[in-house]
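> Turn this into a structure:
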Amino acid sequence: MDLELRHLKTIRAIADAGSLTGAATALGVAQPALSAQLKRIERTLGGELFQRSRQGVRPTALGEMVLERVRVLLPTVRELQEEAVRFTQATQGMPRLRLSGTHGPLLGGVLDRLAGSHPSAPVTTHTSWSEREIASMVIEGRVDFALIGACGQSLPPEADRLVWREIGIDPVFVMLGNGHPLAGRTEIDLHELAGESWADVPGDGCFADCFAAACARAGFTPASVYETDTASCVHLVQVGRAVGLCRATFPPTPGMVTVPLAGVPLKWRHLIGWHSEAPAAEAAPEVVAHARAAHAEAAERSVSYAKWLAAHPDEEGGGGGHNARAGAD
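You can find the predicted model right below:
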């Protein structure tokens with residue numbers, strides 16, 4: 001077996017974690033598979049790299065020698081990759097872009113605008129419910145830009161390591177089936193929905209806590225909250241099983257309406273982030289501009305949001321893009 005880059009990363013992960021269990025978790029593989037891979041690597045290198053004990057693992061003399069080389073080689077390979085991408089950018093214009101985002105219309109809008117502006121530049125996407133996972137992927141260089149949301153004024157993940165720009169701030173609306181008694185209202189007080197079941201998409205930010213706090217201020221505790229994918233949330237609303245929580249930019253959908261909550265008890269901030277030292281950072285101004293334009297277009301497509309904006313022209317964060325930032329340039 002010839003050594004590959006992934007084998008060197010495995011050796012470093014085991015040394016950094018201090019145990020096979022910790023390394024398996026960090027690498028996202030099963031521990032038996034990791035143990036088998038380590039044995040193959042050790043056979044290739046001619047001896048044991050780690051001494052196993054109940055306390056974990058620690059490098060042998062051979063392991064220390066190998067780790068010394070690994071910690072030089074891996075950064076060198078990463079620098080080679082970054083230099084190659086920078087060279088390609090300098091000679092070919094807009095680079096290949098990798099976008100990652102939470103589920104919602106904004107990611108599709110940005111992709112559409114980039115594809116229209118640079119039809120020959122490949123753009124790939126990745127979606128996840130986890131804002132933290134997406135931010136980690138940017139730090140690790142697996143994606144170039146993160147499109148996420150944050151509740152209220154909470155900091156985005158990795159705020160001290162990534163550059164974040166605010167795309168817009170939207171009020172949170174409720175989704176009601178067409179047959180719901182309150183479906184014809186122009187706005188609803190949160191306490192009027194005290195007896196309802198709720199549907200919302202999952203996430204690892206603070207939105208669930210903010211929603212619970214808003215309900216407490218309104219004098220009730222939600223009877224139940226179904227955390228599921230967007231399509232399932234819509235279905236639960238359409239059949240009258242639950243009312244849903246959504247961003248004001250949620251697109252028009254048959255069988256249901258979106259209605260503002262009186263007093264704006266919850267807000268959603270759209271953010272885009274990147275690593276200031278990544279090769280794709282040079283494209284950040286254009287990507288941010290496309291994201292803000294996509295957000296504005298999504299707001300225009302929502303009839304209920306357009307009416308709300310007309311009635312609340314001075315409301316803070318009423319759909320506009322802002323220049324707030326978290327993290328260093």
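> just so I have it, where are all the strands in the protein?
50-53, 56-59, 97-101, 123-127, 145-151, 163-177, 198-200, 225-227, 243-247, 256-260, 267-274, 325-326 (DSSP state E).
> in the stretch 51-200 of the chain, which spans are helices?
61-92, 105-117, 131-139 (DSSP state H, counting those that start in this stretch).
> how about these, which one is nearest residue 309?
Proximity to residue 309 (Cβ to Cβ) singles out helix 105-117 among the helices of the stretch 51-200 of the chain, at 16.6 Å. The way it works is simple: take the backbone N, C-alpha and C, and place the C-beta from them, glycine included.
> Could you check the angle that closest one makes with strand 243-247?
Computed with axes from the mean of the first three to the mean of the last three Cα atoms, to 10 degrees, the direction of helix 105-117 lies at 40 degrees from that of strand 243-247.
> which ones are touching residue 110?
Residue 110 makes contacts with 99, 147, 287, 290, 291, 294, as judged by Cβ atoms under 8 Å, 6 or more residues apart in numbering.
> which residues does the second one bridge with?
Okay, so that is residue 147. In this structure, residue 147 bridges to residue 101, residue 272 when assessed by DSSP bridges.
> what's the distance between the residue nearest to residue 306 when sequence neighbours are not counted and residue 311?
The shortest distance from residue 306 to any non-neighbouring residue, by Cβ to Cβ, 6 or more residues apart in numbering, is to residue 300 (6.4 Å). Residue 300 sits at a distance of 16 Å from residue 311 (criterion: Cβ to Cβ, to the nearest Å).
> Pretty sure the residue nearest to residue 306 sits against residue 309.
No - Residue 300 sits out of contact with residue 309 when judged by Cβ atoms under 8 Å, with a separation of 9.4 Å.
> In terms of neighbours, single out the busier of those two.
residue 309 (19 against 13; other Cβ atoms under 10 Å).
> how near is the more buried one to residue 97?
On the measure of Cβ to Cβ, residue 309 and residue 97 end up 30 Å apart.
> so where's the stretch 1-150 of the chain uncertain?
Scanning the stretch 1-150 of the chain for pLDDT under 70 picks out 85-95.
> hang on, the earlier thing: out of the helices of the stretch 51-200 of the chain, which is closest to residue 304?
helix 105-117 (14.5 Å).
> re the thing from before, turn the buried ones among the contacts of residue 110 into a named PyMOL selection, would you?
Buried residues within the contacts of residue 110, by 16 or more other Cβ atoms under 10 Å, are selected in PyMOL with:
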select buried, resi 99+147+287+290+291+294
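> between the contacts of residue 110, which is closest to residue 80?
Using Cβ to Cβ, those come closest to residue 80 at residue 99, 24.1 Å.
> wait, doesn't the closest one sit right on residue 126?
Yes - the criterion here is Cβ under 8 Å, and residue 99 meets it with residue 126 at 7.4 Å.
> what residues are shared contacts of the two?
Joint contacts of residue 99 and residue 126 (Cβ under 8 Å, 6+ apart) are residue 143.
> just to revisit the earlier point, model confidence for the residue nearest to residue 306, exactly?
Listed pLDDT for residue 300 reads 88.
> What of residue 322?
37.
> On the strand side of things, show who residue 245 bridges to.
Going by DSSP bridges, residue 245 forms beta bridges with residue 174.
> how near is it to residue 112?
26 Å.
> and if you look at residue 173?
From residue 173 to residue 112 the distance is 23 Å (Cβ to Cβ).
> These two: who's more crowded?
residue 173 (27 against 14).
> OK, contacts around the more buried one?
245, 246, 247, 248, 250, 258, 259, 260, 261, 304, 305.
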